[in-house]
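>>> here you go, sequence then predicted model.
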Amino acid sequence: SCVFICVYLRVNSDLCYKVKFKQIVLIITSAFLAAGGFYYLDILNLISLVPFFYVLAGNDSKKNRFLLGYLWGLVFFILLCYWLIYVTAAGFLILVFYLALYPAVFSVLAGNRIRLSNPFYTASVWVLLEGLRSFLFTGFPWGHLGYPFYSRLSFIQIADIFGVYGVSFLVVLFNGVVFFMAYSKSKRYKLLNLTAVLFVFSAALLYGKYRLRYDFSEQEVKNIALVQTNVDSDIKWDTGHYQDNLERIRLLVLRAEEMGSDLTILPEAVLPFAWNEDNDMMEELASIASISRTSLVVGIPYYDKGNLYNASVFLDEHGSLKERSFKNHLVPFGEYLPFKRAFSFLAKIYPAGHYSAADDIRIFEYKGFRFAVLICYEDIFPYLARMAALKGACFFINQSDEGWFKKSREIYLHNQIAVFRAVENRRSLIRATNTGLSCLIDYRGAVIRQLEPFKADILIVDVPICKELSFYSRYGLLPLVAVLSILVLLSFVRSKERNS
């Protein structure tokens, strides 16, 4: 597709503007810089969009801009989602072709010279499209431009007001003003834009420093063990390896108890049989809890009323089932087949799961502290963590199995996202994963401790608790949408006046 678009842009004589090879190179360079910010150096994203904006400003044709934006999106999302190939090549291609539509639409809406001359309009349109991508067609909020800055704690504290979208807004805004300073000849507008952007950035950083000094912590939940099992995901589902996997779990749990654990967290779907389906497995897990004298939170498939769920079960120190929670947001084409009538032909050739989705978030309680479990990639969806906080969870647990993606960089991208769920809701988040990254993230977004990935190990943590609800938890995206809508409206009126 990338090659086809490049060739089309070069040879189609009917286009209103002849795209030069230099512009195609700039588009691809921009996408590489943006992806490089996620993997290597976050500050690359403060300039990564400048070549992209430069090319768009030189194209008056909406068709050109759409194709150039689509090319940018293809390169960017191929680099960010390549790890999906280890699970499904077809799913990877479908996803990338779909995600590339968003920068293509952005290129049409914000890509002309007049609109690109207003960095606030440019940033608003980009972030509104990021938000739309988070919800449309089940949503896939991956690759938001705020995520690479997860370790810049002063910079990301505004997420407790505007979510990750506020940080993305600042990133695109900075790109917009850098482009405008280089592209525009108007000293007056350069000064106005630069002053406005510096004011916004200064306000965000001052707010961040204030929030980092403010002590939210009231208590700690002590002696929680995070177990990283490091089992090949394919082998895990092979029932022939069941006893070996069970013994590994037993030894790790007993080792956690020796290290002082009172509550032990195991990753997602650690065993191939379902609760309420295999009595022997249920008894063996109960026995592990009672022998170790620790409470367990175990990721396991679960049968309930004829439906199969991706679940988390909470066993007390006697091995009795206290509570269970089912996954709400399933992986399309992985855990279920969406639009079954339209894709019924895929059922014969594509091994999609048959899980059912829950319609509510369950809250667990341990020693007077309430917590919620976000299963698999549920922690990439801001609304799920927010719902859990509103229901009274004072910390989050993420159980995940990222062994499907081999030794790819996906585990680091996922952890970047988890940091923002902690900041947005002022809730510490602990992650127990199969291959990594298993870690403790506090309510400020700092990764306090983590295990070395791709290694079976145990981490004992004390989880700091903040019970105060953040502004974002209370009001969600309504303030952000209101602010961005006003900025877009004002910018649209201004561009009309300049055209008249």
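Noted; the coordinates are in hand. Residues are numbered from 1 along each chain as shown.
>>> in this structure residue 101 contacts residue 74, no?
No. Between residue 101 and residue 74 there is no contact under Cβ atoms under 8 Å: 10.1 Å. Where you see a C-beta, it was placed from the backbone N, CA and C, and this is true even at glycine.
>>> higher neighbour count, these two?
residue 74 (22 against 15; other Cβ atoms under 10 Å).
>>> leaving aside the residues next to it on the chain, what's closest to that one?
Closest residue to residue 74 apart from its sequence neighbours, by Cβ to Cβ, 6 or more residues apart in numbering: residue 100 at 4.6 Å.
>>> OK, contacts around the one you found?
By Cβ atoms under 8 Å, 6 or more residues apart in numbering, residue 100 lies in contact with 70, 71, 72, 73, 74, 76, 77.
>>> likewise for residue 457?
By Cβ under 8 Å, 6+ apart, the contact set of residue 457 is 228, 230, 438, 451.
>>> the third one against residue 415, yeah?
Looking back up the chat, that one is residue 438. No. With contacts counted by Cβ under 8 Å, residue 438 stays clear of residue 415, the gap being 9.7 Å.
>>> helix/strand/coil for residue 314?
On the three-state scheme (DSSP: H, G, I helix; E, B strand; the rest coil), residue 314 is labelled strand.
>>> bridging residues for it?
As for beta bridges, residue 314 partners with residue 297, residue 323 under DSSP bridges.
>>> can you get me a residue count around it?
21.
>>> quick check, it in contact with residue 300.
No. With contact defined as Cβ under 8 Å, residue 314 does not count as touching residue 300 (11.0 Å).
>>> how about the residue positioned nearest the centre of the chain, nearest residue that isn't a chain neighbour?
The residue lying closest to the centre of the chain (Cα atoms, centre = their mean) is residue 380, at 3.3 Å. Closest residue to residue 380 apart from its sequence neighbours, by Cβ to Cβ, 6+ apart: residue 417 at 4.8 Å.
>>> and the one you found, how many residues sit next to it?
Residues within reach of residue 417, counting by other Cβ under 10 Å, total 21.
>>> now do residue 489
Neighbourhood size, residue 489 [other Cβ under 10 Å]: 12.
>>> what about it, helix or strand, and which?
Per DSSP states H and E, residue 489 falls inside helix 478-499.
>>> may I have the phi/psi pair for residue 230?
Backbone torsions for residue 230, taken as degrees, to the nearest 10, come to phi 50, psi 60.
>>> quick one: it and residue 450, what's the gap?
Using Cβ to Cβ, to the nearest Å, residue 230 is found at 14 Å from residue 450.
>>> neighbour count: these two, which is higher?
Taking neighbours as other Cβ under 10 Å, residue 230 and residue 450 compare with residue 230 leading, 21 against 18.
>>> find the nearest non-adjacent residue to that one, please.
Once flanking residues are discounted, residue 230 sits nearest to residue 456: 4.1 Å by Cβ to Cβ, 6+ apart.
>>> thinking again about what came up before, buried residues in the helix or strand in which the residue nearest to residue 380 is found?
Here residue 417 sits within helix 410-425, counting by DSSP H and E. Within helix 410-425, the residues that count as buried by 16 or more other Cβ atoms under 10 Å are 410-411, 413-425.
>>> okay, now the unreliable bits of the chain?
1-19, 215-217, 333, 336-353, 491-500 (pLDDT under 70).
>>> so which residues of it form strands?
For the chain, the strands defined by DSSP state E occupy 219-228, 263-265, 295-304, 307-315, 321-326, 363-366, 369-375, 395-400, 428-433, 439-441, 447-450, 457-465.
>>> now the first one: how far from the chain's centre is it?
Just to be clear, that refers to strand 219-228. Relative to its parent chain, strand 219-228 has a centroid offset of 23 Å by Cα atoms, centre = their mean, to the nearest Å.
>>> show me what that strand is packed up against.
Applying 3 or more Cβ pairs under 8 Å, 6 or more residues apart in numbering; DSSP states H and E, one finds that strand 219-228 contacts helix 242-258, strand 263-265, strand 428-433, strand 457-465.
>>> direction included, what does it pair against?
strand 263-265 (parallel), strand 457-465 (antiparallel).
>>> which among these is found nearest to residue 119?
Residue 119 lies closest to strand 457-465 among these, at 37.4 Å (Cβ to Cβ).
>>> from the middle of its chain, how far away would the closest one be?
So, by Cα atoms, centre = their mean, the centroid of strand 457-465 is 22 Å from its chain's centroid.
>>> try stretch 477-487
21 Å.
>>> how about that stretch: buried residues?
So stretch 477-487, judged by 16+ other Cβ under 10 Å, has buried residues 477, 479, 480, 484, 487.
>>> just the CA atoms of that stretch, as PDB, please.
What follows is stretch 477-487, C-alpha atoms only, in PDB (Å, rounded to 0.1, in the frame of the first residue of the first chain):
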ATOM      1  CA  LEU A 477     -13.500  14.100  28.600                       C
ATOM      2  CA  LEU A 478     -16.300  16.700  28.800                       C
ATOM      3  CA  PRO A 479     -14.000  19.600  29.800                       C
ATOM      4  CA  LEU A 480     -11.400  18.600  27.100                       C
ATOM      5  CA  VAL A 481     -14.100  18.300  24.300                       C
ATOM      6  CA  ALA A 482     -15.600  21.600  25.300                       C
ATOM      7  CA  VAL A 483     -12.200  23.400  25.200                       C
ATOM      8  CA  LEU A 484     -11.200  21.800  21.900                       C
ATOM      9  CA  SER A 485     -14.600  22.500  20.300                       C
ATOM     10  CA  ILE A 486     -14.300  26.200  21.200                       C
ATOM     11  CA  LEU A 487     -10.800  26.400  19.800                       C
END
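>>> list the contacts of it.
120-121, 124, 127-128, 131, 161-163, 165-166, 169, 471.
>>> my read: residue 222 touches residue 464, true?
No. Residue 222 lies out of contact with residue 464 (Cβ under 8 Å); the separation is 10.4 Å.
>>> compare these two (neighbour count), which wins?
residue 464 (21 against 14).
>>> ok, the residue nearest to residue 95 when sequence neighbours are not counted to residue 92 distance?
Nearest non-adjacent residue to residue 95, counting by Cβ to Cβ, 6+ apart: residue 81, 6.2 Å away. Residue 81 sits 6 Å away from residue 92, going by Cβ to Cβ.
>>> contacts only, for the closest residue to residue 463 other than its chain neighbours.
Once flanking residues are discounted, residue 463 sits nearest to residue 221: 4.4 Å by Cβ to Cβ, 6+ apart. With contacts defined as Cβ under 8 Å, 6+ apart, residue 221 is in contact with 263, 366, 367, 369, 395, 462, 463, 465.
>>> again with residue 244
Listed by Cβ under 8 Å, 6+ apart, residue 244 has no contact partners.
>>> now do residue 312
By Cβ under 8 Å, 6+ apart, the neighbours of residue 312 are 268, 297, 298, 299, 300, 324, 325, 373, 375, 397, 399.
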